[in-house]
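S.K.: One predicted model, sequence on top.
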Amino acid sequence: MTMALETVLAKAGLRVTADEFLTLVEDVARRLAPPHPEPAAYFTPDQREALTEVGLDLGGLREDDFEPRARELAARTVLFDTALTVGEAAAVLDVDTSRIRHRLAAGRLAGWKDRGSWRLPAWQFTDNGVLPGLEAVLAAMPDDQPPLVLAGFMTTPQEDLLVGDGPGTPRAWLLAGGDPRRVAAQASMLGTPV
């Protein structure tokens, strides 16, 4: 198992050993929601009755259901492992670490604190700086959305952002010189019910 995991990690370009990866997985799993949440527990008795009357199944996961926590766990682990430290981001941008912290505070870079240290998701950087249009996208992003949501959005193809012959990710769209206002408009809707 360890050799197979190390092969997968290497192919994915993740810079961790199998043991380090499994430690990350265990840590993230502990911080996620309970392993088998019962949806009914989140509602009052009246709400439960109304929801079941309209045909909603408030039962827990069945044995044959996909484990949604596993997908989130994998996404969080990859996001964390590929994130840059303040020092690494400063090296990419060729600035002092205080400039990185200033940009984080001003909302001009995305990041989160983990055990007191900033982590900056890699998707926002290019080989020679920051993603074009990044500030417009970050300014439009709702404050209540976690880094994983923004990372997922920026790296998921969108039907109306054509790059080449098909849908492109917001990141690819911006790298290709696309209008950041289109990405910012989509980012502003994250977390909004459809």
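M.R.: Here it is on my side, so go on.
S.K.: Tell me the strands beside the biggest strand by length in the chain, with direction?
M.R.: The residue-count maximum for a strand in the chain (DSSP state E) belongs to strand 158-163. Strand 158-163 has its sheet partners listed here by DSSP bridges as strand 166-168 (antiparallel).
S.K.: now the partner strand, how far from the centre of its chain.
M.R.: Put simply, strand 166-168 sits 20 Å off its chain's centre (CA atoms, centre = their mean, to the nearest Å).
S.K.: related to what we said a few turns ago, contacts for the longest strand of the chain, please.
M.R.: By CB atoms under 8 Å, 6 or more residues apart in numbering, the list of residues contacting strand 158-163 from outside reads 167, 168, 169, 170, 172, 173, 176, 178, 182, 183, 186. In this view, the C-beta of every residue, glycine as well, is placed from N, C-alpha and C.
S.K.: Top of those residues by number of neighbours, please.
M.R.: When neighbours are counted by other CB atoms under 10 Å, residue 170 leads those with 27 neighbours.
S.K.: Please report how far that residue lies from residue 105.
M.R.: For residue 170, the distance to residue 105 equals 24 Å [CB to CB, to the nearest Å].
S.K.: Any buried residues in stretch 76-90, and which?
M.R.: For stretch 76-90, the neighbour count (16 or more other CB atoms under 10 Å) marks 76-86, 88-90 as buried.
S.K.: would you list these in JSON lines and tack on distance to residue 116 and pLDDT?
M.R.: Formatted as JSON lines, these follow (distance: CB to CB, whole Å; pLDDT from 0 to 100):
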{"residue": "76", "distance to residue 116": "18", "pLDDT": "74"}
{"residue": "77", "distance to residue 116": "20", "pLDDT": "74"}
{"residue": "78", "distance to residue 116": "22", "pLDDT": "76"}
{"residue": "79", "distance to residue 116": "18", "pLDDT": "79"}
{"residue": "80", "distance to residue 116": "15", "pLDDT": "82"}
{"residue": "81", "distance to residue 116": "18", "pLDDT": "81"}
{"residue": "82", "distance to residue 116": "20", "pLDDT": "85"}
{"residue": "83", "distance to residue 116": "15", "pLDDT": "91"}
{"residue": "84", "distance to residue 116": "16", "pLDDT": "93"}
{"residue": "85", "distance to residue 116": "12", "pLDDT": "95"}
{"residue": "86", "distance to residue 116": "12", "pLDDT": "96"}
{"residue": "88", "distance to residue 116": "17", "pLDDT": "95"}
{"residue": "89", "distance to residue 116": "16", "pLDDT": "96"}
{"residue": "90", "distance to residue 116": "18", "pLDDT": "96"}
